[in-house]
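Asks: Model the structure of this input:
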Amino acid sequence: MSDDMTGESSPLQMPPWQHTIDGDWRRVGVELEMTGLTIDQLAEIVAGYIGGRVDTKGRYERALKGDPAGDWVVELDFDLLKRLGRETRDKSTFAGELGDSAEEVLKWLAETLVPLELVSPPLPLNRLGEIEKIIGMLRSAGAKGTSDRLVNAFGMQFNPEVPSTNPDVLTAYVKAYACLYDWLFLRADINVSRQVTNYVDAYPVDYVRKVVAPDYWPDLSTLIDDYLLDNPTRNRALDLLPLFLHLDQGRVRKVVTDPLVKARPTFHYRLPDCEIHLPQWGLYQAWNDWVQVERLAADRDRLEACCQAYTKYLNQPLERWFGDWSKELEGQWLVR
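Replies: Below you'll find the predicted structure:
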């Protein structure tokens, strides 16, 4: 099979683990934040592409029905307005007490500062190229991304399904990501607005030292406990809380009670900006960088050698100040 998503011209690369242990295609959910379109424009463009229909859930939410993978969602990413949009004008409700005028003020503020969000269902890997086509259609229609305005702290997130819940496989991913984070961050070229307002933080260095150690191959409970000890927050560029909540709800909920953490069998990767208005921008750039994490995780010998080199780098203060780990990764540990 070709290394790209279509076998033809798509620049999207395939990870080494393409299927789950049950033999099904791994799935990936994608989230894009943008302005420049109305909620109905965005919904109608995507519904037209997938051959679906638009279901209005409220004034600020649309569900796109008809895709066998599940519903697509288009929404204004502002919880208060979404709640108001679902309510009637019954005076006994919060929306009724607030009144139309106050909601209009909130709507104006939200449309100025808050993006629309397009959320795909979990798509099989062999359909991921459809996201690129949708991005092109939205760009042509006037969608705007992060660098269009200083206040646009817009991101692109994707949620690759784990190929296995075996703790050694999951640990390999954590090790690979920890080794590659500096390179991923440089490649992503994160806008300042997102660095100060959004969820793109690195893992603490003490946690990184722990996980890249050669003898760190814990059981699942230890892997989760170690993560929760140093990362009891959604504010991570690779957020493992949804995955660990899916695997051990009781263990995670003892530490993290945030209702916004939802259980799902995926990695939650939220580092990239959404630059949908730029002609050469696409999902492929951030996705192909993520595939480097997948390739390193799947190659045990290369992973262990890279972890040893990174441990040495972390333990040499002068090297950390004056060295260039990203350049070393490019030269020795990445596979093109």
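Asks: any chance you could map the helices in this structure?
Replies: 39-50, 79-86, 94-113, 129-141, 167-188, 192-197, 205-212, 220-230, 241-247, 249-253, 283-298, 300-314, 317-322, 325-328 (DSSP state H).
Asks: need the least confident one among the ones you listed, by mean pLDDT.
Replies: Between the helices of the chain, the lowest average pLDDT goes to helix 79-86, which shows a mean of 47.
Asks: Could you tell me how many residues sit around Leu329?
Replies: 21 (other C-beta atoms under 10 Å). C-beta coordinates here come from the backbone N, C-alpha and C atoms, glycine included.
Asks: Looking at it now. What's its pLDDT?
Replies: pLDDT, Leu329: 94.
Asks: Return the distance of Ile134 relative to Thr20.
Replies: Distance, Ile134 to Thr20, by C-beta to C-beta, to the nearest Å: 25 Å.
Asks: Have a look at these two and say which one is more surrounded.
Replies: Set side by side, Ile134 and Thr20 show more neighbours around Ile134, with 21 against 16, by other C-beta under 10 Å.
Asks: tell me the contacts of that one?
Replies: Neighbour list for Ile134: 45-46, 49, 118 [criterion: C-beta atoms under 8 Å, 6 or more residues apart in numbering].
Asks: residue nearest the centroid of the protein?
Replies: For the chain, the residue nearest the mean C-alpha position is Gln157 (2.6 Å; C-alpha atoms, centre = their mean).
Asks: residues in contact with that residue?
Replies: Gln157 neighbours (C-beta under 8 Å, 6+ apart): 30-31, 268-270, 272.
Asks: Tell me which entries of the residues you listed lie within strands.
Replies: The members of the contacts of Gln157 that map onto strands under DSSP state E are 30-31, 268-269.
Asks: Most widely separated two among those?
Replies: Spanning the widest gap among the ones in strands among the contacts of Gln157 are Val30 and His268, at 11.7 Å by C-beta to C-beta.
Asks: shared neighbours of the two, which are they?
Replies: 157, 159.
Asks: follow-up on the earlier one: what's the closest of the contacts of Gln157 to Gly129?
Replies: For these, the minimum distance to Gly129 (C-beta to C-beta) is 11.4 Å, reached by Val30.
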